[in-house]
Each structure stands twice: as structure tokens, then as C-alpha cells.
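Novice: any chance you could fold what I've pasted below:
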Amino acid sequence: MLFEQNLPYMVFKVTLTVICTLGMMCSTTKLKYSLRKIIAILSLYLFYVVISTAAIIYFRGFLFLTRVFAFTISLPAILMIYKLAKVQPALAVFTHATQILFSLYVTATVTLINTAIHGSAFSDFLLRLTAYLLIILLEFAFIRRPFLQLTAITQKGWGILSLIPCSLIVLVVVIAAYPTHYINSPSAIFLIYLLGAVIVIIYFAVFQYLFMQYRFQMSNHNRELLELQVHSLEERISEASAATEKARIDLHDTRHRLQAIASLVENEEPQTVLNYINHSISQYKLQAPALYCSSPILNATLSSYLERAAAENITLETHFSIPDTLPVDAAELSIVFANALENAITACRKLPEEERKIICKCIHRPKLMLEVSNPYTGTVAFSKNGLPISEKEGHGIGTRSILAFCKKHDVFYHFTAENGWFTVTIVF
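Specialist: Numbers count the residues shown, from 1 in each chain. Now for the predicted structure:
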């Protein structure tokens, strides 16, 4: 039943459907504004929906609304959620158009069920509300987190993929509203659900592709972790070998010094013996290894890259207050430090030695925050998402790795280039 003669309920039904569809959109989207601002924007949009829907139904009828809602309701919703979301445009279109497509099948199924049981407006309302609330809860509970992780890893290809739900929405609307409303056409109902089966197959293929991309990215990430661990192990082996060689040389030199001391004692030259002993002691310069944190792999990474920076005649200003218990895996955090310091060292190489400087900080109160700053030459271009853009082939890999880490763990990141200093900040 469509309840075309009941204008208030028709407007209410459309508004309820729109609200629930927005809930589905938000269930798979991170929003960047405060709750108060989001509610204000959504309220203005819903006011527009109520007025425009009432006008279209009153002057042109519900069938006409079914034919044009994609332009009068869905398109503004996609644009609005895109403005509220923290995602790139193509991904926003794909996500939100997919939820609209899903919502079309929900509302069509509810309408058909209510018609089959000869239900009232109240039963239509209960069925619609129950179906949407159940779907929103399931999406929040089981789909939101894996979907956000999946889309965070895959950065390219969304423009092509977004054409799929947009094209399918148009096809569903054409089948459902031409030449008459689908509820009066058994063949249209059959085609709608036949298309639904095709949609399931299409989306199965799409998400298989996304999972393949995810596995590829995670494989690269795991390879980076392994390379870092191997590099750290090689550093420790090298240090151990150097220490062993130094101990062997010192033992050899000590034997000769003891022979010299014995000879001086035999000749009864105590002052010469003391002077010789003091001179020998001064030659042993014991230097304790740098200790930045309790994590062996993170400490080894920091030591390695800061030693490299010092070898490049880069002035270092460091402040580390790293807790024993980290909010993420130490190996993954080591990669972030390695990439940030590698980028800083690379930028400093382009500067005169007197201008080379790296400021590296990591504090854990009130939250764990790391920040790496370095001077730079030239200009730094940023994308619309605030990410630095590298125009050279093979560059920018470290920044993309940092971005993937931040999106995977849902942490705040910020890149700035001000007053000749480039800074990357990450807050957990």
C-alpha cells in the first residue's frame, strides 16, 4: 500500500526513510565535525526534504517523486555527508550511493510486505522503523570497523567503483517507476529482485577486489616490519662484533701496558708508573649506549636513525618520554619513526650543514604524541586532504606508510609546512 491519499503520512514516510538512510550512511563513515554542528546541518537538510517532498507529492504525485528522488533527495544527501565526512570524494560517493541502493531495497521490501498483509499506515511505520534500526545496529556492530579499515588501506580506484552504485540506482528507479509504480506491476517486482541478485554478485566481486588490495597492502606492511627487524638485528650484530674486536685489541694492548708497568716498577720509578697508568686510563673512553625507551626494537630504530643524522652533521634536538606500555605494536611504531626520520634526514641533506637540524619529540601525557620537524628548501604542496604531495618518482612512500598506519589505528595526524619548517604530528 502506498497511502497516496494520505499526504501527511507520505511525507512522514519519506522523511523517516531519509533519516534511516542517513543513519546507514553515518554507520560506515567517520564524521569530522562536532555532534552539535552535525545535528544542525542534518536538521536543515531534513527541513528541505519535508518541504520539497510535500510540494512534489501535492503537485505531481508520489510516482513522480519516485522518479526524481535520486536528484531531489539522494544527491543532496551524498553531497552533505561528503562535506561532513573525512574521506576522499570518490570514496564518499561509493559508500553513500551503496547505502542508498541498499535502502531502496529495504523500503521496497517493506512496502511489498505491508501490501501483502493489507497493513495500515501504522504497520507500515513499524515495519519500516524495525527494519532500518536492525540494519543500522548490525552495520555499526559488524561492518563499520572492518569497512573503515578496508577503505583506509585502498586509496585508489574509487572513482571507477563509485560508478557501480550510481548506475544501479538509476536502473532500479527506471524498473520501479516506469511505466507505472512497481507495486502494480508483477514483472517489475520480478526484475527488481532479479537485479538484486545481480547486485549481490557485483558487490561480492567488488569486495573480493578490495580484500585483495587489503591483503597486498598488509603484505607490504609486514614486509616493512620484517625488514626493520632484520635491520635492527644486523645493527645489534654489528655492534656486538665491533665490541668484541675492541675487547680483543684492548686485551692485547693491556698485556703490553702491564709489561711496561712491570719494567718501570723494577727500575723503581713510581712517578713514571703513576703517569703511565693515568695516561692509559684516559685512553679508555667508555660511552654508554643510548637508551630512549624500554622497547628494544623501537630503541634500536631511534638509535640507528639519530646516529645516521649525526653522521650527516645534522643538529639534533630530542625529547623522549616513551611509556613502557605502548598503545600500538612497537614494531609498527618503529616504522613510523623510521619513515619520519628518514624523510627529515633526506630533506636536511639538501641544506647547508649549518642549517641542518631535526627536532624529534615523543611524550605520553596526556596522550602519546610524536612530532618530527626539520627545515626544508623549496616549496611543499599539499593535497585537499592535507597530505604532502611528492612529484618525484619513487618519493612519498614513507608518507603513505605513515598515513596507512594512522588510518589503520584511527589516530590523528597532521602535516604542516610553515616558516621554513616541515612538521609531522601524530596523536593517539
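Novice: grab the nearest non-local neighbour of residue 11.
Specialist: residue 54 (4.9 Å; CB to CB, 6 or more residues apart in numbering). Just so you know, the C-beta spots here come from the backbone N, C-alpha and C atoms, and that holds for glycine as well.
Novice: how far away is that neighbour from residue 18?
Specialist: 13 Å (CB to CB, to the nearest Å).
Novice: and for residue 374?
Specialist: From residue 374 to residue 18 the distance is 49 Å (CB to CB).
Novice: quick one: list the elements packing against the longest helix along the chain.
Specialist: If you go by DSSP state H, the chain has its longest helix at helix 186-266. With contacts defined as 3 or more CB pairs under 8 Å, 6 or more residues apart in numbering; DSSP states H and E, the packing partners of helix 186-266 are helix 89-116, helix 144-153, helix 158-177, helix 270-282, helix 296-311, helix 330-349, helix 397-409.
Novice: for the chain, name the helix or strand with the lowest mean pLDDT.
Specialist: helix 270-282 (a mean of 70; mean pLDDT, DSSP states H and E).
Novice: thinking again about what came up before, between residue 374 and residue 18, which is the more surrounded one?
Specialist: residue 374 (25 against 22; other CB atoms under 10 Å).
Novice: surely that one is in contact with residue 348?
Specialist: Yes: between residue 374 and residue 348 there is a contact under CB atoms under 8 Å: 5.7 Å.
Novice: distance of residue 296 relative to residue 409?
Specialist: Residue 296 is 21 Å from residue 409, by CB to CB.
Novice: looking at these two, which is more packed in?
Specialist: residue 409 (17 against 12).
Novice: excluding covalently adjacent residues, which one is nearest to that one?
Specialist: In this structure, residue 409 finds its nearest non-sequential neighbour in residue 328, 5.5 Å apart by CB to CB, 6+ apart.
Novice: where does pLDDT dip in the stretch 301-428 of the chain?
Specialist: Low-confidence segments of the stretch 301-428 of the chain (pLDDT under 70): 384-385, 391-396.
Novice: 80 instead?
Specialist: Along the stretch 301-428 of the chain, the model assigns pLDDT under 80 to residues 383-387, 389-398, 400.
Novice: got it, and the stretch 101-250 of the chain?
Specialist: Checking the stretch 101-250 of the chain against pLDDT under 80 turns up 148-156, 214, 217-250.
Novice: for the longest helix of the chain, the distance to its chain's centre please.
Specialist: Centre-to-centre, helix 186-266 and its host chain are 20 Å apart (CA atoms, centre = their mean, to the nearest Å).
Novice: and that helix with helix 89-116, angle?
Specialist: 140 degrees (axes from the mean of the first three to the mean of the last three CA atoms, to 10 degrees).
Novice: mind starting the numbering at 780 from now?
Specialist: Will do, 780 is the new start, and the previous item becomes helix 965-1045.
Novice: what angle do helix 965-1045 and helix 937-956 make?
Specialist: Comparing the axes of helix 965-1045 and helix 937-956 via the same axes, to 10 degrees yields an angle of 160 degrees.
Novice: angle of helix 965-1045 against helix 923-932?
Specialist: Going by the same axes, to 10 degrees, helix 965-1045 makes 70 degrees with helix 923-932.
Novice: okay, angle between helix 965-1045 and helix 1075-1090 too, please.
Specialist: Using the same axes, to 10 degrees: helix 965-1045 against helix 1075-1090 is 70 degrees.
Novice: could you confirm residue 1105 falls within a strand?
Specialist: No: read with DSSP: H, G, I helix; E, B strand; the rest coil, residue 1105 is coil and lies in no strand.
Novice: surely it is in contact with residue 1073?
Specialist: No: taking contacts as CB under 8 Å, residue 1105 lies outside contact range of residue 1073: 9.6 Å.
Novice: the more surrounded of these two?
Specialist: Ranked by neighbour count (other CB under 10 Å), residue 1105 and residue 1073 place residue 1105 first, with 17 against 13.
Novice: any idea how many residues pack against the residue lying closest to the more buried one once chain neighbours are set aside?
Specialist: Closest residue to residue 1105 apart from its sequence neighbours, by CB to CB, 6+ apart: residue 1112 at 6.1 Å. Close neighbours of residue 1112, defined as other CB under 10 Å, add up to 25.
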